[in-house]
Each structure stands twice: as structure tokens, then as C-alpha cells.
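1. Sharing a sequence plus its predicted fold:
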Amino acid sequence: MSIDDDPVQPPNTARFLFLNPRASEFFVDWETIAHDAVAILRAEAGRDPHDRRLSDLIGELATRSEEFRVRWAAHNVKFHRTGVKRCGSRAADYFPRPARYRTRCWRSAPNWGG
């Protein structure tokens, strides 16, 4: 089981989190990751409200996932810069250590510091 197994391509973490019933087994901190994913999507939707692919993704998640709808209704926003995602025992074969990530903010991006 992995995000790459999703029949809808390209792979998408938010779709995997909310539409794959085994995602909560994959990520140790599923609640935190799910909360952050929705807050990041909301920030992106505010930055570019006319992004058709993003609107379609949000619509798909809102119609198919109660977990997503509840979090989306909270109106939380997060600017995604760094973090750690810990995978559970099933994913340990693929990711033996927590996955660390860092996002860069470019000065040319509107309304983003950097």
C-alpha cells in the first residue's frame, strides 16, 4: 500500500489521506497530517482561487470524505514549510525513518514571505 498505488494519477497525498481507508495505518500521526493537509489546501485555494485542478480536488474530497468536510469547515490555514511524517509498521519497509520535508518560499510568490 502506498500513495503510488492510487488509480488516479498523478499521486496526491490529500487524496490518499482521505480516500484510502488504510491511510491511517500508513501514517502514525494521521490526525495531524490530515489536519495540516486541509489547512495547506485552504491556503493554496486562497492564494489561487481560480486553480481548476485544486478546485476539482477539493470538490472530490468534500463529496467523498466526511473527515475532509469536517476539517475544511474549520477554515484553518497553514503555510507549509517544514515537518516530519512518520509512517506506521506497514510502511516501515519503504520508509525506515520519518520522512522530513522542507518547502521553499520564493520571493516572486504573491503574499508569501521568503
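-> Looks like it arrived, so ask away. Residues are numbered from 1 along each chain as shown.
2. for Trp30, phi and psi?
-> phi -50, psi -40 (degrees, to the nearest 10).
3. which residues sit in contact with it?
-> Leu17, Ala23, Ser24 (Cβ atoms under 8 Å, 6 or more residues apart in numbering). For every residue, glycine as well, the C-beta is placed using N, CA and C.
4. change it to 7 Å
-> Applying Cβ atoms under 7 Å, 6 or more residues apart in numbering to Trp30 gives the contacts Ala23, Ser24.
5. Model confidence for it, exactly?
-> We have a pLDDT of 92 for Trp30.
6. Does anything pack onto the helix or strand Glu67 falls within? Which helices or strands?
-> Taking DSSP states H and E as the criterion, Glu67 maps to helix 66-73. Helix 66-73 sits against helix 30-47, helix 52-64, with contacts defined as 3 or more Cβ pairs under 7 Å, 6 or more residues apart in numbering; DSSP states H and E.
7. I'd like these as CSV, with distance to His75 appended.
-> Converted to CSV, the helices and strands packed on helix 66-73 look like this (distance: least, Cβ to Cβ, whole Å):
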stretch, distance to His75
helix 30-47, 7
helix 52-64, 13
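8. And these: which comes nearest Asn12?
-> The minimum distance between Asn12 and the helices and strands packed on helix 66-73 falls on helix 52-64, with 6.7 Å, by Cβ to Cβ.
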